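J.: only the shape, not the letters, is given here:
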């Protein structure tokens, strides 16, 4: 569809968790605020609004991103996955179950961002992306094989998501529990979804 | 009647959180996630001077923006009854007591417009000179009568001066802590709706009952006309303990505009308006005999408060509890500066005070060439040193011994700066921990549903502690039924009134009421029972009641970068009965993690020229990230203290942060041989110190 624009707002379509939503948004509105205030998808949290805490993490075309730093108007047609879209019909994602089982949260406010970030991180690792703590010899081999996720790899790759309650050791265990359950096939292609057109 | 059915397996088990699935799937709603029809948005305007008066507000450009609804200032905001906490008397006067104080509130159809309006409002001030920097010799320091928590400002038992003069071994050192910020992940928020004279507020609070009482008082309402909901709260750590600005601002704006209004504070405002841990300068003088017996102890605390309210961080109080001395002097001096108002932050008093005391004990152990665990064991008192009261139970020795055993402490070479691994100097350190057992009266109700299930109602608040889950366990235990047979409602002021989640007192206070209601229901065989524990709490005998713990840490200090990393961390705690192993462990680990932040990353400072905090957000104020935190080992000593509440817990929410900073600082000394008496131990400080020592 052709977006309708005024000087200060645009009509755009976002594919959120495989559902199309057409919204008219102020050009200053972030993806985060569209999710929370326009679509009532409040699972994605606002912790700092400055890209410092990771509570607002969503997958954009399968890649994790801080939705507070993205303007909605620049994402017409984008495919997003939020915490509400993880897992299958009525069955939570294995990482959601693992967080619950490991008590990997207390207040729960950073939790959706941690979980979405974790899913994105596991896809990155499955694709062989290294991290800051990946040993030099592994980098030099550059085989493209899935990255081995030991605890320090998980810690480093999850350090963009702050948890003030201090659940980090259990977040690491939850990710260890499911690290082999998320594969390359769960990556961007699947996360970007099919895009059914549904009126907002 | 038959003996109560045993319910082993309900209380004490690791039941998962009742709201856990809602939290991991994103369906748990927090205060700013209720959007009633026609909801408007508000954005506060913070004072840009450190002291003075608002002389004029020009809101014409702001109100001309499309979608603008109102600008509230001290000139047009609804008049409010004066609250006990003057920080909540918002938009009632032109006075600006500190930078960041709210001087206006912009209200609009959308969040974006409200924010733009707040930027557009022109406020002019009659500025006055300000004084924001705490110094040990500040001329405005005075001795407060009371420090936080109802503790006397100054105390002395015995004759400190004489004991000090006579002591063969003496330590006289000063420790400095910067201000610290709570920064819960959910910024303080509220959504307020007025409907036919009834005010409903969704508030991010550690206790909805005090919020409802405040709103009723401020608006001259009967408390039945106010409902405050705090179903899910994204952390607080003290900063949501009593009512805060958002619920006052949202309710005023909603009243003024006739619309529901949502206020979520910007992260960068939090340090200025939600309270902070006040900075402290703590002089410690310890005198001891050859055998390590403490004979003289002076803990002198210098701190700041604001001109709005007197809050005195009770950092000297743990020295009244931990170790005896013939001459024991503890006191506080405070200066009311033009700074934001300090308030509770996790373990106020104990967290900073035990940093100073436990580092000084480590210094004394080094002076005496005595093992620091042994030094503490030798100084455990028979009675609480300051009050002379008997302890209800005392688990410190058990924690120290069990911690030392588990950590492998006996293999430690006490000589500092002797272990090296490449660029890393390695060291180990330990410290004791303590936190008082607090309990407050509460009400609760329990109802038999007639089908074998029960409904428990109490305005407890689950800020992430697991309160909802633990109280259901308490109820099931008292009723003699399985956990699935208990439904529990918490988090609304329409429920039976209860105290706030603070002072590690929630489970004891609420659990007592839930236990009492369920026991009475079971014994009476009726359908509904409502109880009040006021008489039970008041009938408690005079004991000194404290939780204790011991923390052991191993660090690596990079001699090139000055970076300190914690490699191992162990906490052993004696906190009465543990009611839920899963949520308890999480709280201990969480507290220790915040203690790690206090030791290594968290720092704030006042801008002397501009009069505000420099570290405003999470980019400037560094809370620990995932990679900063190692595996943390937590154990507890089973304690059966007959002088507590019927559920037997001492409170666990705060003790984890106590002791951890000192244990880390002591480990850094052991690693490097250098004693830095100021936190946090950031690479710049440690690196410069090591470079200076080498040069």
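T.: Cool, the structure landed. Nothing here was measured: the structure is a model prediction, and the numbers come from that model.
J.: so what's residue B:170 up against?
T.: By CB atoms under 8 Å, 6 or more residues apart in numbering or on different chains, the residues touching residue B:170 are B:164, B:285-288, B:296. (Glycine included, C-beta is placed from N, CA and C.)
J.: does it lie in a helix or a strand, and which?
T.: Here residue B:170 sits within strand B:169-177, counting by DSSP states H and E.
J.: partners of that strand in the sheet?
T.: Using DSSP bridges, the strands paired with strand B:169-177 are strand B:280-288 (antiparallel), strand B:678-679 (parallel).
J.: for chain A, which residue gets nearest to chain B?
T.: residue A:43 (2.1 Å; CB to the nearest CB).
J.: quick check, that residue in a strand?
T.: No. Per DSSP: H, G, I helix; E, B strand; the rest coil, residue A:43 lies outside any strand segment and is coil.
J.: tell me the domain boundaries of chain B?
T.: Split into domains by automatic domain parsing, chain B comes to B:20-29+B:440-538, B:34-129+B:185-235+B:240-273, B:146-180+B:277-437+B:543-694.
J.: is residue B:536 located within a helix, as I assumed?
T.: Yes. Under three-state DSSP, residue B:536 falls within a helix.
J.: that one touches residue B:516, doesn't it?
T.: Yes. Taking contacts as CB atoms under 8 Å, residue B:536 lies within contact range of residue B:516: 7.0 Å.
J.: looking at the two, which is more packed in?
T.: Using other CB atoms under 10 Å in any protein chain shown as the criterion, residue B:536 and residue B:516 rank with residue B:516 on top: 22 against 17.
J.: tell me which element that one is part of?
T.: Using DSSP H and E, residue B:516 falls in helix B:506-524.
J.: same question for residue B:547.
T.: strand B:546-558.
J.: any low-confidence regions in chain B?
T.: In the prediction, chain B carries residues with pLDDT under 70 at positions B:1-9, B:695.
J.: residue contacts, the residue nearest the centre of chain A?
T.: Centroid-nearest residue in chain A: residue A:58, 3.0 Å away (criterion: CA atoms, centre = their mean). Residues near residue A:58 by CB under 8 Å, 6+ apart: A:31, A:35, A:44, A:64-65, A:67, A:80-82, A:116.
J.: by neighbours, which of these wins?
T.: Neighbour max across the contacts of residue A:58 (other CB under 10 Å) = residue A:116, 32 neighbours.
J.: list the beta-bridge partners for the closest residue to it other than its chain neighbours.
T.: Distance criterion CB to CB, 6 or more residues apart in numbering or on different chains; nearest residue to residue A:116, sequence neighbours excluded, is residue A:57 at 4.8 Å. Counting by DSSP bridges, residue A:57 forms beta bridges with residue A:66.
J.: residue A:57 against residue A:113, yeah?
T.: Yes. Counting by CB under 8 Å, residue A:57 touches residue A:113, with 4.0 Å between them.
J.: overlap in contacts, the two.
T.: A:44, A:161.
J.: contacts for stretch B:125-138?
T.: Taking CB under 8 Å, 6+ apart as the rule, stretch B:125-138 contacts B:47-55, B:96, B:98, B:140, B:174, B:279, B:281, B:283, B:302-304, B:335, B:337-339, B:606-608, B:611.
J.: can you give the domain ranges for chain A?
T.: Using automatic domain parsing, chain A is parsed into the domains A:9-87, A:94-184.
J.: show me how far stretch B:530-537 is from its chain's centre.
T.: Distance of stretch B:530-537 from its chain centroid, counting by CA atoms, centre = their mean, to the nearest Å, is 26 Å.
J.: let me redo that: stretch A:170-179
T.: Computed by CA atoms, centre = their mean, the chain-centroid distance of stretch A:170-179 equals 16 Å.
J.: which residues touch it?
T.: Identification of contacts with stretch A:170-179 by CB under 8 Å, 6+ apart yields A:94-95, A:98-99, A:101-105, A:114, A:118, A:121-122, A:125, A:149, A:151, A:154-155, A:158, A:163, B:586, B:589, B:626.
J.: in helices only, show me the residues you listed.
T.: Assigned to helices by DSSP state H, the following of those qualify: A:94-95, A:98-99, A:101-102, A:114, A:118, A:121-122, A:125, A:151, A:154-155, B:586, B:589.
J.: got a list of what residue 53 touches?
T.: No chain in the question, so chain A it is. By CB under 8 Å, 6+ apart, the neighbours of residue A:53 are A:47, A:110, A:113, A:161-162, B:185, B:267, B:618.
J.: you looked at the wrong chain, it should be chain B
T.: B:94-96, B:125-126, B:128 are the contacts of residue B:53 under CB under 8 Å, 6+ apart.
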